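Peer 1: Sequence plus predicted model, see below.
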Amino acid sequence: MMRRNLDRLLRDTIAPPPGVPAVDFATPAGAPALFAPDSVTWQVMKNPVALLVGGIAAVILELAEPRVRTGVWEHTAFRGDPLRRIRRTGYATMVTIYGPEDAAKELVTRVVRMHDRVEGATPAGLPYRANDVELLNWVQATAAFGFLEAYHRFARPLSVSERDLFYAEGAGPTSLYGATGAPRSLAEMDLLFAMMAPKLERSEIVFEFLDIMRTARVLPVPFMQKLVVRAAVEITPEWAREILGLGPEHGLKTGGATMLRTLGALGERVALDTAPPAQACKRLGLPTNYLYR
């Protein structure tokens, strides 16, 4: 049953949404990806628990920045169709990491062009552009932090050198999106946090987002969905939670972390043969369980 839930979790959150061309992760044979099969990134991003918990944590941090928050809330479908927004983001992530390089670059180009049309001003009158380098760096950095921290906490502890390598591996792909200053190490991530902290602020939109994520039909088990939302809050840095007003009541309760570690550990052992990580291994002539051994 746990395996079925993992499989459904991955299918429901990264399925190509309507209007987005599907990518065949298994072909053409031998086509490289933007990341290498032996990368830390391939290891981290195969885990469904890391993907979902980390993705929610990333959005919490994104929405703390008023320019990003306004752009996301006014130009995406989060309010009306959150599952579609989750699928679009999840699918773009999978293509960027596991898809053939040509398909990944084509998708990145499409995303950059779409972001070219996103601009405006915050309620306080602060102008923003989605392709502003500072905002792109923040979005890419918060995503990397969320996925890595969720994996480290709930799937498999990583050494400092492994975590540094995870950030460093993203240098080329994040630059394609325009995030030329995204962190390349844990130390650089800490520096970016210190630089951005004064620009972050509390907003009721963060609480609205969390309510949406608790109730939208993303996971097959409602209790598990609420658990991953609490886990996402838990891994958000304490200083950021204080800015946002996310007290201990929003984090994990007793036993929650243990339950997630059990599911995360299962995600490290169970190869989902039809999922992008396994299909990408097949494309490169590797066993479909290459990442799970």
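Peer 2: Yes, it's here.

Peer 1: what about the strands in this protein?
Peer 2: 119-121, 127-129 (DSSP state E).

Peer 1: which one of those strands is the most hemmed in?
Peer 2: Greatest average neighbour count among the strands of the chain goes to strand 127-129 (a mean of 15), per mean count of other CB atoms under 10 Å. For every residue, glycine as well, the C-beta is placed using N, CA and C.

Peer 1: so how far is stretch 258-278 from its chain's centroid?
Peer 2: Its chain's C-alpha centre and that of stretch 258-278 lie 16 Å apart, by CA atoms, centre = their mean, to the nearest Å.

Peer 1: Give the burial count for residue 172, as a bare number.
Peer 2: Neighbours of residue 172 under the rule other CB atoms under 10 Å: 10.

Peer 1: didn't it look like it was pressed against residue 39?
Peer 2: No - using CB atoms under 8 Å, residue 172 is not in contact with residue 39, being 11.5 Å away.

Peer 1: can you redo the strands of the chain as CSV with distance to residue 256 and mean pLDDT?
Peer 2: What follows is those, written out as CSV (distance: least, CB to CB, whole Å; pLDDT from 0 to 100):
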stretch, distance to residue 256, mean pLDDT
strand 119-121, 38, 94
strand 127-129, 36, 95
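
Peer 1: could I get the ones you listed as a markdown table with distance to residue 161?
Peer 2: Output for these, formatted as a markdown table (distance: least, CB to CB, whole Å):
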| stretch | distance to residue 161 |
| --- | --- |
| strand 119-121 | 40 |
| strand 127-129 | 36 |
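
Peer 1: State the mean pLDDT of the biggest helix by length in the chain.
Peer 2: Scanning the chain for the longest helix, with DSSP state H as the assignment, gives helix 133-154. Averaged across helix 133-154, the pLDDT comes to 97.

Peer 1: Give me the packing partners of that helix, helices and strands only.
Peer 2: Packed against helix 133-154 by the contact rule (3 or more CB pairs under 8 Å, 6 or more residues apart in numbering; DSSP states H and E) you find helix 40-45, helix 48-63, helix 66-75, helix 160-169, helix 186-196, helix 222-235, helix 256-269.

Peer 1: Can you tell me which of the ones you listed is nearest to residue 209?
Peer 2: Proximity to residue 209 (CB to CB) singles out helix 48-63 among the helices and strands packed on helix 133-154, at 6.0 Å.

Peer 1: Compute the inter-axis angle for the closest one and helix 222-235.
Peer 2: 60 degrees (axes from the mean of the first three to the mean of the last three CA atoms, to 10 degrees).

Peer 1: Tell me what angle helix 48-63 forms with helix 133-154.
Peer 2: Orientation of helix 48-63 against helix 133-154 (the same axes, to 10 degrees) gives an angle of 140 degrees.

Peer 1: measure residue 276 to residue 59 for me?
Peer 2: 21 Å (CB to CB, to the nearest Å).

Peer 1: Skipping adjacent residues, who's closest to the residue minimising distance to the centre of the chain in space?
Peer 2: Nearest to the mean C-alpha position of the chain, by CA atoms, centre = their mean, lies residue 55 at 3.5 Å. Nearest residue to residue 55 in three dimensions, chain neighbours excluded: residue 146, at 6.3 Å (CB to CB, 6 or more residues apart in numbering).
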